[in-house]
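> no FASTA, just this:
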């Protein structure tokens with residue numbers, strides 16, 4: 001046995017050190033024995049309570065072991081408060097958020113009130129209008145009530161930033177107006193919204209980095225016409241909005257969510273094989289979204305590729321219509337004769353327009369990255385369901401146009 005007592009040359013010092021070590025060892029053994037006795041007593045108590053009922057055992061064990069605490073408010077609550085449930089939050093995480101915002105007095109007040117309600121485990125991400133100082137039972141009832149969830153913003157494929165006016169004078173709201181509407185919340189009787197003018201000002205003038213614009217799009221966004229610079233950066237889908245955010249915060253939240261989706265669709269990662277920069281692929285995808293039905297996306301994409309490769313003008317009515325702010329593609333010879341960066345009929349605008357012309361969906365983005373193989377350079381809607389006919393030569397295209405018109409397709 002290795003004994004470092006040899007370091008002590010004085011016999012009395014050696015004896016004192018041995019005595020000290022024996023004393024320390026005895027004290028440590030006593031502490032271990034005490035802990036074992038406490039655990040034994042705890043489990044005896046739990047076992048005895050189990051005889052009287054499972055719920056009692058649960059509360060007894062939680063109390064005796066010191067895990068958590070159970071406090072509860074009474075009643076339906078006091079003042080309005082907005083609570084966020086994040087993607088992936090489990091019930092305990094939701095309870096922690098409610099406790100942190102003083103919605104409930106303790107996490108257990110919520111978790112135990114909802115223990116037998118299957119709807120609690122199905123609470124979806126989003127923002128909920130709750131009240132402070134609610135009982136656990138009242139908080140559960142309110143969280144599972146669909147009317148408590150703040151309605152998210154829904155963007156669909158092809159939507160644009162600004163309002164559109166039809167030939168009959170009716171208006172279709174754009175993304176900015178829809179975002180303003182979705183930002184509204186009523187707290188304690190007072191309605192609060194972010195006005196559309198503030199959103200438009202932020203979209204046109206705020207630092208693009210502060211708005212969440214990614215590095216791969218910054219140069220193009222900074223060069224674009226300011227009223228169009230965020231076009232295409234808010235993809236189709238649902239957006240859960242924080243009603244407490246300002247205009248910059250709201251735009252950043254939807255752009256950040258959109259870019260996460262876009263990354264999953266293949267931008268910027270899948271752009272390398274296309275020969276285009278990521279932002280150009282986004283522009284191309286927006287043209288595909290506007291020009292064809294979903295089943296034709298791959299062919300429409302190939303037509304655009306082929307025209308660009310040949311140095312041909314794109315000549316797309318959708319780009320002309322974009323600056324007309326009309327909900328339906330209706331252009332006249334006069335419209336197509338006007339100059340401007342979005343008029344792809346004009347000899348001065350060869351190539352892609354400076355920005356997307358709407359919000360491209362997943363399938364349009366994927367078609368822009370992976371166009372269908374083919375020699376086509378022309379297409380026209382030739383069926384009443386929106387399906388197009390595709391041709392390699394203008395003569396073939398012209399024949400399909402005449403045929404479609406004679407059959408009343410357009």
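Arrived safely, thanks for sending. Keep in mind that this is a model prediction, so the values were computed, not measured.
> only C-alpha atoms for contact and neighbour calcs from this point on.
OK.
> Now do the buried residues in stretch 310-317.
313, 314, 315, 316, 317 (16 or more other CA atoms under 10 Å).
> need the strands for this protein, in chain order.
80-85, 126-131, 153-155, 164-165, 171-172, 185-187, 190-192, 237-239, 378-381, 388-391 (DSSP state E).
> which residues of the stretch 151-300 of the chain fall in helices?
Per DSSP state H, counting those that start in this stretch, the stretch 151-300 of the chain carries helices over the ranges 175-182, 196-205, 215-223, 247-265, 278-291, 297-309.
> of all those helices, which lies closest to residue 146?
Comparing these against residue 146 with CA to CA, the closest turns out to be helix 175-182 (16.1 Å).
> what comes up buried for the closest one?
In helix 175-182, counting by 16+ other CA under 10 Å, buried: 175, 176, 177, 178, 179, 180, 182.
> just stretch 344-362 next, same as before
Quick answer for stretch 344-362 (16+ other CA under 10 Å): 344-346, 349-362.
> Surely residue 222 touches residue 230?
No. Assessed by CA atoms under 8 Å, residue 222 is found out of contact with residue 230, at 9.8 Å.
> Could you check which of these two is surrounded by more residues?
Higher neighbour count among residue 222 and residue 230: residue 230, with 25 against 13, using other CA atoms under 10 Å.
> Check the gap between the more buried one and residue 320 for me.
Distance, residue 230 to residue 320, by CA to CA, to the nearest Å: 18 Å.
> same question, residue 133
When residue 133 is compared with residue 320 (using CA to CA), they lie 56 Å apart.
> more neighbours, these two?
residue 320 (27 against 23).
> Not counting residues beside it along the chain, what's closest to the more buried one?
Nearest residue to residue 320, sequence neighbours excluded (CA to CA, 6 or more residues apart in numbering): residue 343, at 4.9 Å.
> now swap in residue 368 and tell me
Distances taken as CA to CA, 6+ apart put residue 285 closest to residue 368, at 5.1 Å, once the chain neighbours are dropped.
> since we're on the one you found, how many residues are nearby?
Burial measure for residue 285: 30 neighbouring residues, criterion other CA under 10 Å.
> Likewise for residue 92?
Neighbour count of residue 92, defined by other CA under 10 Å: 14.
> wait, isn't it in contact with residue 111?
Yes. Residue 92 is in contact with residue 111 according to CA under 8 Å; the separation is 6.8 Å.
> Show me where the stretch 251-400 of the chain dips below the pLDDT cut-off.
Low-confidence segments of the stretch 251-400 of the chain, defined by pLDDT under 70: 327.
> Provide the contact partners of stretch 350-359 at residue level.
Stretch 350-359 is contacted from outside by 156-161, 220-221, 224, 228-229, 231-236, 280, 282-287, 289-290, 308, 311-314, 318-319, 322, 341-344, using CA atoms under 8 Å, 6 or more residues apart in numbering.
> Once you drop chain neighbours, what's closest to the spatially most central residue of the chain?
Nearest to the mean C-alpha position of the chain, by CA atoms, centre = their mean, lies residue 257 at 3.4 Å. Leaving aside its chain neighbours, residue 257 sits nearest to residue 239 (7.6 Å; criterion: CA to CA, 6+ apart).
> before we move on, the earlier item: residue contacts, the residue nearest to residue 320?
315, 319, 320, 336, 349, 353.
> Can you tell me how far residue 319 is from residue 187?
Computed as CA to CA, the residue 319 to residue 187 distance reads 42 Å.
> out of these two, which sits in the more crowded spot?
For the pair residue 319 and residue 187, the greater number of neighbours falls to residue 319 (26 against 15), based on other CA under 10 Å.
> which residues does the more buried one contact?
287, 342, 343, 344, 353, 357.
> got a list of what residue 96 touches?
Under the criterion of CA under 8 Å, 6+ apart, the neighbours of residue 96 are residue 107.
> now do residue 294
Each residue near residue 294 by CA under 8 Å, 6+ apart is listed here: 363, 364.
> how near is it to residue 282?
17 Å.
> Equivalent analysis for residue 260, please.
From residue 260 over to residue 282 the distance is 14 Å, taken as CA to CA.
> Settle it for me: which of those two has more neighbours?
Between residue 260 and residue 282, residue 282 has the larger neighbour count (other CA under 10 Å), namely 29 against 12.
> okay but that one is in contact with residue 367, surely?
No. In this structure residue 282 lies outside contact range of residue 367 using CA under 8 Å: 10.8 Å.
> Now do the shared contacts for these two.
Common neighbours of residue 282 and residue 367, using CA under 8 Å, 6+ apart, do not exist here.
> what is the residue nearest to residue 124 when sequence neighbours are not counted paired to in the beta sheet?
Spatial nearest neighbour of residue 124, excluding adjacent residues (CA to CA, 6+ apart): residue 85 at 7.1 Å. Counting by DSSP bridges, residue 85 forms beta bridges with residue 126.
> burial count for residue 85?
Residue 85 has 20 neighbouring residues, counting by other CA under 10 Å.
> before we move on, the earlier item: next, find the distance separating the residue nearest to the centre of the chain from residue 280.
Going from residue 257 to residue 280 by CA to CA gives 20 Å.
> Ok, residue 152 next?
Look at residue 152 and residue 280: by CA to CA, they are 29 Å apart.
> Please identify which of those two sits among more neighbours.
Using other CA under 10 Å as the criterion, residue 152 and residue 280 rank with residue 280 on top: 21 against 17.
> wait, what's in contact with that one?
Residue 280 neighbours (CA under 8 Å, 6+ apart): residue 352.
> what's the closest non-adjacent residue to residue 160?
That would be residue 358: by CA to CA, 6+ apart, it lies 4.6 Å from residue 160.
> hmm, back to that, distance of the residue nearest to the centre of the chain from residue 118?
Per CA to CA, residue 257 is found 29 Å from residue 118.
> Alright, that wraps it up for me.
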